[in-house]
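In: build me a model from this:
(one chain, ligands or ions: 1)
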Amino acid sequence: MNASDKKRNVAKAALEFIEPGTALGVGTGSTVNFLIDMLPEVRDKIDSVVSSSKASTSLLEQLGFTVSTLNEIGDIDLYIDGADESNKRLQLIKGGGGALTREKVLAAAARRFICIADDSKLVGMLGAFPLPIEVLPMAQELVSRRMLKMRGNPVWREGFVTDNGNHILDVSGLQISNPIEMEARINRIPGVVTVGIFADRPADILLLGGENGVREMRV
Ligand code: 5RP
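Out: Coordinates of the predicted model:
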């Protein structure tokens, strides 16, 4: 079974969590794209939908969904999104697709956050995947120097501008043994919009697609 099959299976499993009347948050990425393709199957259960990116919004609209803003609907019942890494505590690295800031806002507004991923994303310690940080363009050199001091290797994501008009710094070489502390520390650097560590608000449920089906993990 290849990674796409695992992603498709895990997206299918997530559909079961959508109950009648759900205010749904939809994330961004290739795993979520499988979910979006399946959402018409449960259209009747979805009361309203918000999305974490222009890309996901466009896909949802092509399927006939009206995408609301978070300000219009308030808190959401369920947020479903992928991840680049998860540890056993369901603390995540996100932002491979560059949508981390809006993703963090939707996760914070969600009563329940389900992460969907293929089983390659489960790791012992976060940090093998280069950590994405969304940064104000005028602060990119400052934040880069601060990350070097933290023994990270920062690389600018060339030619990439986020939906919020900012830049992404991908930082490799970090061993994130204390994700909550690292998230707070990087978020304190002036010019950082959001760091892609989701530890203060981890996922509630992780659905992992593997060779033998879908495994559900909770903290
Ligand atoms: C986007 C994200 C994605 O959830 C993450 O990159 C995983 O993507 P994929 O499902 O394509 O593996 O955080 O900003």
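In: which helices and strands does the longest strand seen in the chain pack with?
Out: For the chain, the strand with the greatest residue count under DSSP state E is strand 110-118. Contacts defined by 3 or more C-beta pairs under 8 Å, 6 or more residues apart in numbering; DSSP states H and E place strand 110-118 against helix 3-15, helix 30-38, strand 76-81, strand 205-210. From N, CA and C alone the C-beta is placed, and that goes for glycine too.
In: ok, now with 6 Å
Out: helix 3-15, strand 76-81, strand 205-210 (3 or more C-beta pairs under 6 Å, 6 or more residues apart in numbering; DSSP states H and E).
In: direction included, what does the following helix or strand past the longest one pair against?
Out: Sequence-wise, the next helix or strand downstream of helix 3-15 (DSSP states H and E) is strand 22-26. Strand 22-26 has the following strand partners under DSSP bridges: strand 46-51 (parallel), strand 76-81 (parallel).
In: mind giving me the domain split of this protein?
Out: 3-122+200-218, 131-196 (automatic domain parsing).
In: tell me the most buried of these?
Out: Stretch with highest mean neighbour count among the domains of the chain: domain 3-122+200-218 (a mean of 19; mean count of other C-beta atoms under 10 Å).
In: who in this structure is up against the ligand?
Out: Counting by C-beta under 6 Å from any ligand atom, the residues of the chain lying close to the ligand are 27-31, 81-84, 94-100, 103.
In: in CSV, list the C-alpha atoms belonging to the helix or strand that the longest strand of the chain is followed by.
Out: Going down the chain from strand 110-118, the next helix or strand is strand 131-135, by DSSP H and E. Included here for strand 131-135 are C-alpha records, laid out as CSV according to Å, rounded to 0.1, in the frame of the first residue of the first chain:
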residue,chain,number,x,y,z
LEU,A,131,10.2,23.2,11.5
PRO,A,132,8.2,25.8,9.6
ILE,A,133,8.0,29.3,11.1
GLU,A,134,5.8,32.0,9.5
VAL,A,135,7.7,35.3,9.8
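In: when you give positions from now on, start the count at 859
Out: Fine by me, first position is 859 from now on; the one you just mentioned is strand 989-993.
In: contacting residues for the residue nearest the centre of the chain?
Out: For the chain, the residue nearest the mean C-alpha position is residue 952 (4.6 Å; C-alpha atoms, centre = their mean). Residues near residue 952 by C-beta atoms under 6 Å, 6 or more residues apart in numbering: 941, 942, 958, 961, 1054, 1056.
In: pLDDT score assigned to it?
Out: Among the per-residue scores, residue 952 shows a pLDDT of 98.
In: quick one on the thing from earlier: just name the closest of the contacts of residue 952 to residue 916, please.
Out: residue 961 (16.5 Å; C-beta to C-beta).
In: where does the chain dip in pLDDT?
Out: Filtered on pLDDT under 70, the chain yields no residues whatsoever.
In: residue furthest from the geometric center of it?
Out: Distance from the centre of the chain peaks at residue 1007, with 26.5 Å (C-alpha atoms, centre = their mean).
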